[in-house]
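K.L.:
give me a model of this one.
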Amino acid sequence: MRELETIAPATRVRSLVLITPILQGFVPSLPALRYVDRLQVVLGGSSDGKITGPSVLDLIDSVHFGQWSILDGGRRLLFVSMFVGELEPYLKDFSVRMAWGLDLVWMHCEGYPGAAQFEPFVAWVKRHMVEADRFYAANPGVTVIDVRWWKALHTQFEEFRRKVRCGGDIHALFAELERGIARLSGVDEEAESRLLGSIVDSVRANLRDLADKRLFAPAEIEPIARNFEQVMATLQGEKS
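P.N.:
Modelled structure (predicted):
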């Protein structure tokens, strides 16, 4: 079973709020398309509902919550996130694992340097951060991994209770419960592999859809797709 200090580490939940100016006017390579209209499609606002944009925040274990919203009639982009730990390690995770996804969104905003260039990226984020005058977290020391573990533990106990109510042998059920709890402390490599495979399929489909709709010039979309493939190949290699 997990050690207590692993379940409740000395971390705390923080918030990140960015408000970034959206580039105005039309995309130079696609002069009939405004930046804000393309951004709306990337974020999932297409009329056919097929484009969902980056949806891979599960790759970043420190993220509790993330949201992008277009404000002021298309002039500014709001990003709100709740995460565990310090700001720069959190941004480093994004830079290493999701530069392609952030580029797909924030390339539509003024002065964005690209997430793979870590120091300029951090400086850009800090320039557009909005400091919270007051921030509340109900469980400030709980990590995303803890939440997943406790949810799985709750499922184990509910299944145990159901079988007890149905008249199962209590000693055998306790032994089964103990084995199930022990498994929770291990790494479910098959589940992680399925998650990565699902992300790969989804993002590839979205990138193809964006390219097929000619919403990006090849010079724009190809580096994003290449970075995505490199990142996912590295992650899948780590799990193999």
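K.L.:
hey, C-alpha coordinates of the lengthiest helix in the chain in CSV?
P.N.:
Using DSSP state H to define each element, the chain has its longest helix at helix 189-212. Taking Å, rounded to 0.1, in the frame of the first residue of the first chain, the C-alpha atoms of helix 189-212 are listed here in CSV:
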residue,chain,number,x,y,z
GLU,A,189,1.4,0.1,-18.1
GLU,A,190,-1.4,-1.2,-20.2
ALA,A,191,-3.8,1.6,-19.2
GLU,A,192,-1.0,4.2,-19.8
SER,A,193,-0.3,2.7,-23.2
ARG,A,194,-4.0,2.8,-24.1
LEU,A,195,-4.2,6.5,-23.1
LEU,A,196,-1.2,7.4,-25.2
GLY,A,197,-2.6,5.4,-28.2
SER,A,198,-5.9,7.2,-27.8
ILE,A,199,-4.2,10.6,-27.7
VAL,A,200,-2.1,9.8,-30.8
ASP,A,201,-5.2,8.7,-32.8
SER,A,202,-7.2,11.8,-31.7
VAL,A,203,-4.6,14.4,-32.3
ARG,A,204,-3.5,12.9,-35.7
ALA,A,205,-7.2,13.0,-36.8
ASN,A,206,-7.5,16.6,-35.7
LEU,A,207,-4.3,17.7,-37.4
ARG,A,208,-5.4,16.0,-40.6
ASP,A,209,-8.8,17.7,-40.4
LEU,A,210,-7.1,21.1,-40.0
ALA,A,211,-4.8,20.4,-42.9
ASP,A,212,-7.7,19.1,-45.1
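K.L.:
helix, strand or coil: sort out the residue nearest to residue 200 when sequence neighbours are not counted for me.
P.N.:
Of all residues not flanking residue 200 in the chain, residue 232 sits nearest, at 5.3 Å (Cβ to Cβ, 6 or more residues apart in numbering). (Glycine included, C-beta is placed from N, CA and C.) When classified by DSSP: H, G, I helix; E, B strand; the rest coil, residue 232 comes out as helix.
K.L.:
how much space is there between residue 232 and residue 134?
P.N.:
As judged by Cβ to Cβ, to the nearest Å, residue 232 and residue 134 stand 39 Å apart.
K.L.:
more neighbours: which of these two?
P.N.:
It is residue 232, of residue 232 and residue 134, that has more neighbours when counted by other Cβ atoms under 10 Å, with 20 against 4.
K.L.:
brilliant, that's me finished.
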